[in-house]
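[1] okay, sequence plus prediction incoming.
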Amino acid sequence: MNIFWINPTFNKIRHLTKTTIAKYLVRDVRIILGAIFAIVSLIIFGNQVALTVKKTLEYNIPNADLFPLIAFNILRDTPLILSLSLFLAIILAISKLYKNSEAVVMNSLGIGDKHFMLMINPVVVPVVFFILLLSTLVVPWTKQEKNLIIHRNSNALEFLIIKQKEFQKFKNGNIVFYANKVEYGDKQQQIMHDVFTYESDGETIITLAEKVQKYTDLDKGSTYLHFENGARYYGFPGDYDKRILHFDEYDLQISDDENRPAQINYIETEAKSMLDLFASNKTKDAAEWQWRLSQPLSAFILSFLGVLLGKSSFRGGKNLGVLFGVAIFVLYNNALTIAKSALERGESPIWLGLWWVHLSMFLLIFILYAYRHKKFRILKNIFGKMGKF
């Protein structure tokens, strides 16, 4: 039984996507999409690997957690990269048709922009659906797992990598630390030599030591400095209660589990399911829910714009459509980020949220399409004739 008689448009779409022209266009879009995705991924993911390795060294995160963190960062950025790659692939594929005069022949046969928009659906729909799965299921899970790793290693976050011959502040400035020489031990733990510390939490204390090593008490979740062969000076010279304590070994606590540093940035909202976000009446939950849906929606909207910019690229030469496309993509995503922040702060109503950005983009596409096909001139002639009456 054929159900497409309900809406003849479905028959038209099905027929267009099965034509030789459509298959040719879809093949080009897929090839270009794969090439762009591979190039952009290598650039961004390579940078992510370098940054992740640097962070793990700074925060003393175990090597076993290195590859999971890299994988989580890659999955987090995949929806954005895939959306950009699809957008640019459509622009370049349409531009290629015009440069080879193939689209010109198609236009003479009545095949125009709206037909191209339907022809690329076999590529656009699966990609948009895949981005939807990533943004609503996979990315929230990766953020949760990443935050768990950071949370597990957060006891070492406050005391970052010690810099040689440089004064550093810890515990909200209550501890000033200086090491004349820094080296690494067998377990990649930092060992400092000729160390000076100044403590100003209540009583002024100055500590000098020949050697210091950092270690973490996993049971208490606290980080300590282990001093060897040194002295602690209580009070400044001249004070009545000045005391000097010589020691062979001394431990100084520099962080604890109850006062975790702000770098953890564990956001519970990012780990919630779509149903929980939808049922919540909090503005932050609404912003996160709309943000997840905005990523696949923006990819779908940009696919229409890509067809129009592909034709512009041909007319302007030197792939100006690609340059305009990248600029619009950046502005589009920045506008979504600004709208999300405004919604989180309660400066925008939930019903408006991020949707106004998508509506603005739809309006831009409509205006560009109407201008391209001289729809405004037709409306002007209609209103002009009506005015005569």
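    Nice, thanks for sending it over. Numbers count the residues shown, from 1 in each chain.
[2] which parts of the protein are helices?
    For the chain, applying DSSP state H gives helices covering 8-17, 20-58, 66-99, 102-108, 113-119, 121-133, 139-152, 274-279, 283-316, 320-344, 355-372, 375-388.
[3] can you pull out the low-pLDDT segments for the stretch 1-150 of the chain?
    1-18, 54-65, 103-105, 107-110, 150 (pLDDT under 70).
[4] could you rerun that using 90?
    1-26, 40-77, 94-122, 138-150 (pLDDT under 90).
[5] I'd like the average pLDDT over stretch 364-376.
    For stretch 364-376, the mean per-residue pLDDT is 77.
[6] circling back: out of the helices of the chain, flag the one nearest residue 248.
    helix 20-58 (31.0 Å; C-beta to C-beta). To be clear about C-beta, it is placed using only N, CA and C from the backbone, and glycine gets the same treatment.
[7] buried residues in the closest one?
    By neighbour count on 16 or more other C-beta atoms under 10 Å, the buried set for helix 20-58 is 21-22, 25-26, 28-30, 32-33, 36-37, 40-41, 44-45, 48-49, 52, 56.
[8] out of the helices of the chain, which gets nearest to residue 211?
    Nearest of those (C-beta to C-beta): helix 20-58, 21.7 Å.
[9] other SSEs contacting the closest one?
    Under the contact definition 3 or more C-beta pairs under 8 Å, 6 or more residues apart in numbering; DSSP states H and E, helix 20-58 sits against helix 66-99, helix 113-119, helix 121-133.
[10] so can I have JSON lines of the helices of the chain showing distance to residue 167?
    Below are the helices of the chain laid out as JSON lines (distance: least, C-beta to C-beta, whole Å):
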{"stretch": "helix 8-17", "distance to residue 167": "67"}
{"stretch": "helix 20-58", "distance to residue 167": "18"}
{"stretch": "helix 66-99", "distance to residue 167": "30"}
{"stretch": "helix 102-108", "distance to residue 167": "66"}
{"stretch": "helix 113-119", "distance to residue 167": "62"}
{"stretch": "helix 121-133", "distance to residue 167": "48"}
{"stretch": "helix 139-152", "distance to residue 167": "27"}
{"stretch": "helix 274-279", "distance to residue 167": "45"}
{"stretch": "helix 283-316", "distance to residue 167": "38"}
{"stretch": "helix 320-344", "distance to residue 167": "36"}
{"stretch": "helix 355-372", "distance to residue 167": "46"}
{"stretch": "helix 375-388", "distance to residue 167": "67"}
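[11] wait, which of the ones you listed is closest to residue 232?
    helix 20-58 (28.7 Å).
[12] and the helices of the chain: which comes nearest residue 205?
    helix 20-58 (27.4 Å).
[13] how distant is that closest one from the center of its chain?
    Helix 20-58 sits 15 Å away from the centroid of its parent chain (C-alpha atoms, centre = their mean, to the nearest Å).
[14] let me know the angle separating that helix from helix 66-99.
    Relative orientation of helix 20-58 and helix 66-99, computed by axes from the mean of the first three to the mean of the last three C-alpha atoms, to 10 degrees: 150 degrees.
[15] tell me the angle of helix 20-58 relative to helix 283-316?
    Going by the same axes, to 10 degrees, helix 20-58 makes 130 degrees with helix 283-316.
[16] before we move on, back to that, and of the helices and strands packed on helix 20-58, who's closest to residue 306?
    helix 66-99 (3.2 Å).
[17] packing partners of that closest one?
    Here helix 66-99 touches helix 20-58, helix 102-108, helix 121-133, helix 139-152, helix 283-316, helix 320-344, going by 3+ C-beta pairs under 8 Å, 6+ apart.
[18] mean neighbour count, these: which tops it?
    helix 283-316 (a mean of 22; mean count of other C-beta atoms under 10 Å).
[19] residue 132 against residue 296, yeah?
    Yes: the pair residue 132 and residue 296 passes the contact test of C-beta atoms under 8 Å, sitting 4.0 Å apart.
[20] what's the closest of the helices of the chain to residue 204?
    Taking the helices of the chain one by one with C-beta to C-beta, helix 20-58 is closest: 29.9 Å.
[21] follow-up on the earlier one: with distance to residue 304 added, can I get the helices and strands packed on helix 20-58 in TSV?
    Conversion of these to TSV gives the following (distance: least, C-beta to C-beta, whole Å):
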stretch	distance to residue 304
helix 66-99	9
helix 113-119	5
helix 121-133	9
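[22] closest to residue 142 out of the ones you listed?
    The closest of those to residue 142 is helix 66-99. By C-beta to C-beta, the value is 4.2 Å.
[23] list the buried ones in the closest one?
    Buried-residue list, helix 66-99, by 16+ other C-beta under 10 Å: 66, 69-70, 72-99.
[24] thinking again about what came up before, of the helices of the chain, which is nearest residue 170?
    So among these, helix 20-58 is nearest, using C-beta to C-beta, at 14.1 Å.
[25] list the contacts of the residue lying closest to residue 174 once chain neighbours are set aside.
    Excluding the flanking residues, the one nearest residue 174 by C-beta to C-beta, 6 or more residues apart in numbering is residue 201, at 4.2 Å. The contact partners of residue 201, taken as C-beta atoms under 8 Å, 6 or more residues apart in numbering, are 171, 174-175.
[26] can you check residue 198 too?
    Contacts of residue 198 (C-beta under 8 Å, 6+ apart): 175-176, 204-206.
[27] quick check: beta-bridge partners of residue 243?
    residue 234 (DSSP bridges).
[28] could you measure the closest residue to residue 142 other than its chain neighbours against residue 284, distance?
    Residue nearest to residue 142 in three dimensions, not counting chain neighbours: residue 72, with 4.2 Å by C-beta to C-beta, 6+ apart. To residue 284, residue 72 is 22 Å away according to C-beta to C-beta, to the nearest Å.
[29] also residue 335?
    Relative to residue 284, and taking C-beta to C-beta, residue 335 is found at 19 Å.
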